[in-house]
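In: Please work out how this folds:
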Amino acid sequence: MAPVSGLKEVSRIFKRLERWYCHVRHRHQKSFFPASPKSFLIFAPEAGLGPHYHLAVTVGKILQDFGCEILVVKCTGNFTRCPVLAAKQMPYQSSLQERLKTCQQCEKESDFVYQKYRLPRINLQEYDRFPVPDLSRASIQRLRNHVVDAVKIGRLTAFEAACSLKKIKFENQDKELKNAWAELIQNAQKSYLMSKEILKNKNFLGVIYYGDYSIHLGAALAAEKLKKKAYLIAHPSHQNVDRRRCLIYRQSSAKNHRKIAGYWARWKNLPVFPEEILDISDDLITRFQGVGSHIYSTPLPADKTGAPKSLRHVVAFTSSPDEFFGGFEMFPGLGLRKPKIKSAFGIQGENIHHRWIRGLIGFAEKHPDLMFSVRIHPREGFDKRLQRQSYHLGILKKNIGNLPPNFRVIWPEDPLSSYVLMMEADLILTTWSTIGLEAARLGIPVLACTEGISGDIHETFNVIETRPEKYFQRLAEMLSARTSWENIRKAYRWWNLFCLQNSVPLFDLFPGPMESALPEYHPPRNNWMIRDAILKGQNIYEINRRRHLQNRNQNGPGEWKALITGTANILFYLVFHEKRAPDASLEQGLLEGQPYLASGNRRIFLKLPSGMAPTTEWRATMTKAETRLFQLLIQVNKVS
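Out: Modelled structure (predicted):
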């Protein structure tokens, strides 16, 4: 036996004594279990991630107001891999000493929140007595097929393994992947068994957890195994991550996400609340600013040079196939069938992009009058969240070469903003990236080549062509597509459904999109929506749809006015590179036959009058996107 330091030996003895004490306490003390038949377990062992934990306990307080008994789990370093350690970019299989400081900070935050909200807690240490499987020598196939209690834990953890390492292939020779996946399995299994033991108490209705992390899904499947409810809460991917809203799904996001397109027929003719239209336009401005961990592009600079301005410009944006691949591996663990994917360039995740790009190169060679730019997703390289390159990036670099003069590839390490390219695009091409939905709100035509993966809706603002023989024909046709207010309105309505209507607005508790502090609790105005979604089991989309139907007559005119104002706000930001203040005017005028928009002393022309040189106050718009929005606003003859 290898010698250990005295400190480690003492730590080990205390750990054993603590487990023994908790075991005895568990056998002889049951008073901490809930007595109310309306009780929920808040499975949130990540107190060190403030925004996650604060939303979870806030939901607990709201349910407590409606007569529920709430029990919040407290983690005392029971997991070797959790959302907090992942957010800190702690390496897999880190030592106890490496994790100690993070775990102590996490416990401290849990204690602080308890002092503020007084929600009863249950210490996971009392249930941390299940053996951890030895998977150190397991093959990829054994990891994939790892099952506990007929629950496919191996499959369940595949998504996090793929995305955390940016992998799109699970191979036996990949020791890094096998070690990471084994650790995720061990922790998810522990979570499943501990949660199942706790939830056996008949008074628990179910579990509430934040996000589809492996250990959280373990708790969710434990609830389902016992025929109890599992509710996922999260923050929507809006304005980076919108801390003002509480997304609520019954079961995992994967089970719900694929249903959204099916709701579109019932939503597309519903006017959106005016304040939400303005919120959606602010989302674009947030993305242009490059603010936040989930916005991967560099900010849009004031000087938008770097994109061609003379030729008709086609811009293609790739996606992150590790998310696609990991999701496909995970679906069987959630009891889901793999969705039917259609693509003009095949459905193999590792091949879609380079086949697509090779096809675009061939098309560019035949059309020298067009300019093509391909932006490789910035997440494929070193990004804000993960300091590593993707496996897929190596495949792209190996397969893309011999480019014609009118074709260029912008790699992840290139600092050129994706939004600079968007500003000069005549047509946007995507595989399944949601950046197409951003471009559609600017009136830019969008053509996708893949259907069935993420956020895809076949509409006039987001055309999907999966037939190989028709794809390039459709590309050529869409180069002459015209911008319309109707397409922009549809794009706003889709974003409203896709990103906002799966959530409950909690603006009176969390006033800003980036707000993460624990609020001084009071019953929020929309607490009834959380009651209906969780206690009554109603679909959150239907709850929100009823709100829209009740205000349909008022929303119609208000939506149109807000759409004009929101578009003017976007144009204001693009041309002045500052967010429009509430009292900042934006008016239309005419000088020597040339239309302009003005704010104070500043005027922006489509074309400067003859003899007038551009200055800081008098200038012509510089990009196609600005010109497109300018012309739309001139059409309505009034800007407010």
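In: outside of stretch 49-62, which residues touch it?
Out: 40, 42, 44, 46-47, 70, 72, 83-84, 87, 109-110, 113, 117, 119, 208-211, 233-235, 241, 243, 246, 506, 509, 516-519, 521, 523-524, 527, 530-531, 534 (CB atoms under 8 Å, 6 or more residues apart in numbering). No exception for glycine: its C-beta is placed from N, CA and C like everyone else's.
In: Now with 7 Å, please.
Out: 42, 44, 46-47, 70, 72, 83-84, 87, 109, 113, 117, 119, 208, 210-211, 233, 235, 243, 246, 509, 516, 518-519, 521, 524, 527, 530 (CB atoms under 7 Å, 6 or more residues apart in numbering).
In: Also stretch 139-147?
Out: By CB under 7 Å, 6+ apart, the surrounding residues in contact with stretch 139-147 are 135, 153-155, 170-172, 178, 181-182, 185.
In: rerun at 8 Å
Out: Contacts for stretch 139-147 (CB under 8 Å, 6+ apart): 133, 135, 138, 152-155, 158, 170-172, 174, 177-178, 181-182, 185, 189, 329.
In: And stretch 373-387, by the same measure?
Out: Residues from elsewhere that reach stretch 373-387, judged by CB under 8 Å, 6+ apart: 89, 164, 166, 293-294, 296-298, 307-308, 313-320, 357, 360, 388-390, 392-393, 396, 407-413, 418, 421, 433.
In: Next one, pLDDT for the residue nearest to Gly67 when sequence neighbours are not counted please.
Out: Of all residues not flanking Gly67 in the chain, Lys38 sits nearest, at 5.9 Å (CB to CB, 6 or more residues apart in numbering). pLDDT, Lys38: 87.
In: Which of the three states applies to the most centrally placed residue in the chain?
Out: Compute the mean C-alpha point of the chain, and by CA atoms, centre = their mean the closest residue is Ser237, 4.1 Å away. Secondary structure for Ser237, judged by DSSP: H, G, I helix; E, B strand; the rest coil, is coil.
In: so it sits right up against Ile295, yeah?
Out: No - using CB atoms under 8 Å, Ser237 is not in contact with Ile295; the gap is 9.8 Å.
In: Helices - which of the contacts of stretch 373-387 land there?
Out: Assigned to helices by DSSP state H, the following of these qualify: 164, 357, 360, 392-393, 396, 418, 421.
In: Spatially, which two of those residues are the most separated?
Out: Maximum pairwise distance among the ones in helices among the contacts of stretch 373-387 (CB to CB): 30.6 Å, between Ser164 and Leu360.
In: wouldn't Pro519 be in contact with Gly512 here?
Out: No - assessed by CB under 8 Å, Pro519 is found out of contact with Gly512, at 11.3 Å.
In: More neighbours: which of the two?
Out: More crowded of Pro519 and Gly512, by other CB atoms under 10 Å: Pro519, with 16 against 12.
In: Any figure for the gap between the more buried one and Arg244?
Out: 11 Å (CB to CB, to the nearest Å).
In: Same question for Gln173.
Out: 46 Å.
In: In terms of packing, which of these two has more residues around it?
Out: Arg244 (22 against 7).
In: Pro511 is in contact with that one, correct?
Out: Yes - with contact defined as CB under 8 Å, Arg244 and Pro511 form a contacting pair (7.1 Å).
In: mind listing the strands for the stretch 251-400 of the chain?
Out: Secondary structure of the stretch 251-400 of the chain (DSSP state E, counting those that start in this stretch): strands at 312-317, 342-343, 370-375.
In: Tell me which other helices or strands the second one touches.
Out: Yep, that's strand 342-343 we're talking about. With contacts taken as 3 or more CB pairs under 8 Å, 6 or more residues apart in numbering; DSSP states H and E, strand 342-343 sits against strand 450-451.
In: Pull up the pairing partners for the very next helix or strand once past the strand it packs on, direction included.
Out: The element immediately downstream of strand 450-451 (helix or strand, assigned by DSSP states H and E) is strand 463-464. Strand 463-464 pairs in its sheet with strand 446-448 (parallel), by DSSP bridges.
In: for the protein, which spans come out with low pLDDT?
Out: 1-36, 306-310, 348-350, 455, 637-640 (pLDDT under 70).
In: just the buried members of the contacts of stretch 139-147?
Out: Using 16 or more other CB atoms under 10 Å as the burial test, the contacts of stretch 139-147 include 135, 138, 152-155, 158, 170, 174, 177-178, 181-182, 185, 189, 329 as buried.
In: can you tell me which of the residues you listed lies nearest to Asp456?
Out: Nearest to Asp456 among the buried ones among the contacts of stretch 139-147, with distances taken as CB to CB, is Glu329, at 20.3 Å.
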